[in-house]
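J.: Fold the following for me, if possible:
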Amino acid sequence: MNTVRRGAAALAAAAVLLGTGAAGAASAAPSPSPSAVTVPPGLYGTKDPTYDGVWRQSLAFLAQRATGFQPADQAVDWLLGQQCEDGSFSSYRADVTKACDAKTMRDTNATAVAVQALRAVRRQAVDPRKIDQAVKAGSDWLRTVQNKDGGWGYSAGGASDANSTSVVVGALAATGVRPGSFTSAEGRTPYDALLSFALPCSDKAGAGAFTYQPDKTGKLLANADATAAATLAGLGKSVVATKASPEQPPVCTDLSKPTVERAALNGASYLAKALAKTGHLTLPPMPGATDTTEQPDIGNTADAVVALAASGAAKEAQPALEWLEKNSAAWAKESGPAAYAQLILAARATDTDPREFGTADLVEQLNATGPAPKAPDTSASSTSDDEESGFDIWWIIGIGMVVGVGIGFLVSGRKK
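T.: Numbering: from 1, shown residues only. As a prediction, the model looks like this:
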């Protein structure tokens, strides 16, 4: 979902995932123990929220709405309280009585995912107008920090990267805004930025993948995290995407005139091949670890499942989903709300019941990490019909049939 946040969370989960060999690496950069952290009322999880407070809260909201629950008013108020006066969000503000200033680290990822999450909870919010104001302010701020190339970096003014740009596209999808109309002063769109991160099918090491950012020499290196995010964004979807129809096996095809939807489908092809090897993606050895064996990357595997399902490759995603059902419990327990949310969204994207995910009830486990949510909304199993449909409708009209993938890939609207 986000390379920076997952990197921070990896230290906390290292002992669970990597065993004793990684424990030393984790101790090299200690973080406060759960007992030493005072978690504000309304916030999900018990771990230090410095790097992921807004992120994990927002993902929890999206997963709850995807399963019919409405977050508690206290939880929604907490997220609203994190917003700066200019509409932006930081990763976490410990003292919300202090106004944001020039030293406050605004975070495009936190802002974008918070915009999406707040939009998702609007229907049952106590004051929908307050939600609308927060969503508009957040979207307006994102427009002010769009880079010349049409993309976004992690922080305002930072070089664009595939992950941050994709998270913002997800927020646009949630608010019914056409990314093609969200242009920089130079007339560049988020699509232009995403295409600049796409590797061609001729690349032997990463055919069809996306890079996080070009390296210092301008070379594009395949990155599974970036590929999962950009595949969704290129198809006009976000992390709450569901299975597309009709299903088509992912194929990597270069066009003489690249399009973002073709690049997205190429990304799905890369993910399918990467998952086919072991059923999961892998992490490189952590610096300082005595065990240099590559370890399973559970979070990115879950994200890849969503991306594949959304691209019409749910069949190719199924082995990875089954692997997650058998191997994700310890990781989710250690990592907390965002991890449970990722697994719920992966299950939902493949029409799998998150309440029977292997031996786990992911919905119950997520809900237990924060204030008890409101009773399930039987009138809507996820976000409301008017909250996220606008962008997909434009996408269907604009794309229709993508040529070059068998009989073609029809990009469908998300299930509500």
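J.: What's the end-to-end length of stretch 177-189?
T.: 12 Å (Cα to Cα, to the nearest Å).
J.: buried residues in that stretch?
T.: 177-180, 182, 184, 188-189 (16 or more other Cβ atoms under 10 Å). C-betas here are computed from N, CA, C, even on glycine.
J.: Now the two most distant members of the residues you listed.
T.: 177 and 188 (15.9 Å; Cβ to Cβ).
J.: wait, which of the buried residues of stretch 177-189 is closest to residue 277?
T.: For those, the minimum distance to residue 277 (Cβ to Cβ) is 32.8 Å, reached by residue 179.
J.: so who does the closest one touch?
T.: Going by Cβ atoms under 8 Å, 6 or more residues apart in numbering, residue 179 touches 169, 172, 189-191, 236, 391.
J.: what's the distance between it and residue 94?
T.: Look at residue 179 and residue 94: by Cβ to Cβ, to the nearest Å, they are 34 Å apart.
J.: Please apply the same query to residue 367.
T.: Counting by Cβ to Cβ, the gap from residue 367 to residue 94 is 25 Å.
J.: these two touch, right, residue 272 and residue 309?
T.: No: with contacts defined as Cβ atoms under 8 Å, residue 272 does not count as touching residue 309, sitting 11.2 Å away.
J.: Which one's more surrounded, these two?
T.: For residue 272 versus residue 309, neighbours defined as other Cβ atoms under 10 Å are more numerous around residue 309 (28 against 24).
J.: Quick check: chain neighbours aside, which residue is closest to that one?
T.: The shortest distance from residue 309 to any non-neighbouring residue, by Cβ to Cβ, 6 or more residues apart in numbering, is to residue 349 (4.0 Å).
J.: what's the burial count for that neighbour?
T.: Applying other Cβ under 10 Å, we find 30 residues neighbouring residue 349.
J.: list the contacts for it?
T.: Contact partners of residue 349, counting by Cβ under 8 Å, 6+ apart, are 241-243, 305-306, 309-310, 314, 317.
J.: Go again with 7 Å.
T.: By Cβ atoms under 7 Å, 6 or more residues apart in numbering, the contact set of residue 349 is 241-243, 305-306, 309-310.
J.: ranking these by neighbours, who comes first?
T.: residue 305 (32 neighbours).
J.: Where does that residue sit: helix, strand or coil?
T.: Assigned with DSSP: H, G, I helix; E, B strand; the rest coil, residue 305 falls in the helix class.
J.: Go ahead and confirm it touches residue 319.
T.: No: Residue 305 is not in contact with residue 319 according to Cβ atoms under 7 Å; the separation is 9.7 Å.
J.: Please list all residues in contact with residue 373.
T.: 64, 69-72, 367.
J.: Disregarding flanking residues, what is the spatial nearest neighbour of it?
T.: Distances taken as Cβ to Cβ, 6+ apart place residue 69 nearest to residue 373, at 4.2 Å, with adjacent residues excluded.
J.: what do you get for residue 221?
T.: Setting aside the residues directly before and after it, residue 221 is nearest to residue 211 in space (Cβ to Cβ, 6+ apart), at 5.3 Å.
J.: Report the separation between the one you found and residue 155.
T.: To residue 155, residue 211 is 19 Å away according to Cβ to Cβ.
J.: the more surrounded of the two?
T.: Counted by other Cβ under 10 Å, residue 211 and residue 155 do not tie: residue 211 has more neighbours, with 21 against 16.
J.: Next one, pLDDT for the more buried one please.
T.: In this prediction, residue 211 carries a pLDDT score of 98.
J.: how much space between residue 259 and residue 128?
T.: Per Cβ to Cβ, residue 259 is found 37 Å from residue 128.
J.: So for those two, which sits in the more crowded spot?
T.: residue 259 (15 against 12).
J.: So what does the more buried one look like in phi/psi?
T.: When read as degrees, to the nearest 10, the backbone of residue 259 gives phi -120, psi 150.
J.: What's the biggest helix in this structure, counting residues?
T.: helix 260-278 (DSSP state H).
J.: now what about it, what contacts it?
T.: 191, 194-195, 198, 201, 206-210, 222, 224, 227-228, 230-231, 234-235, 250-253, 255, 281, 304, 307-308, 311, 313, 316, 319-320, 399, 402, 405, 409, 411.
J.: just how off-centre is it within its chain?
T.: Its chain's C-alpha centre and that of helix 260-278 lie 17 Å apart, by Cα atoms, centre = their mean, to the nearest Å.
J.: and it, C-alpha only, in PDB?
T.: As requested, the backbone C-alpha atoms of helix 260-278 are provided in PDB (Å, rounded to 0.1, in the frame of the first residue of the first chain):
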ATOM      1  CA  VAL A 260      -2.300   4.000 -19.000                       C
ATOM      2  CA  GLU A 261      -4.900   1.200 -19.100                       C
ATOM      3  CA  ARG A 262      -2.500  -0.900 -21.200                       C
ATOM      4  CA  ALA A 263       0.300  -0.200 -18.800                       C
ATOM      5  CA  ALA A 264      -2.000  -1.200 -15.900                       C
ATOM      6  CA  LEU A 265      -2.800  -4.600 -17.600                       C
ATOM      7  CA  ASN A 266       0.900  -5.100 -18.200                       C
ATOM      8  CA  GLY A 267       1.400  -4.500 -14.500                       C
ATOM      9  CA  ALA A 268      -1.100  -7.200 -13.700                       C
ATOM     10  CA  SER A 269       0.900  -9.600 -16.000                       C
ATOM     11  CA  TYR A 270       4.000  -8.900 -14.000                       C
ATOM     12  CA  LEU A 271       2.200  -9.500 -10.700                       C
ATOM     13  CA  ALA A 272       0.800 -12.800 -11.900                       C
ATOM     14  CA  LYS A 273       4.200 -14.100 -12.900                       C
ATOM     15  CA  ALA A 274       5.800 -12.900  -9.600                       C
ATOM     16  CA  LEU A 275       3.100 -14.700  -7.600                       C
ATOM     17  CA  ALA A 276       3.100 -17.800  -9.600                       C
ATOM     18  CA  LYS A 277       6.600 -18.700  -8.400                       C
ATOM     19  CA  THR A 278       5.800 -19.200  -4.700                       C
END
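J.: Please consider this matter closed, and thank you.
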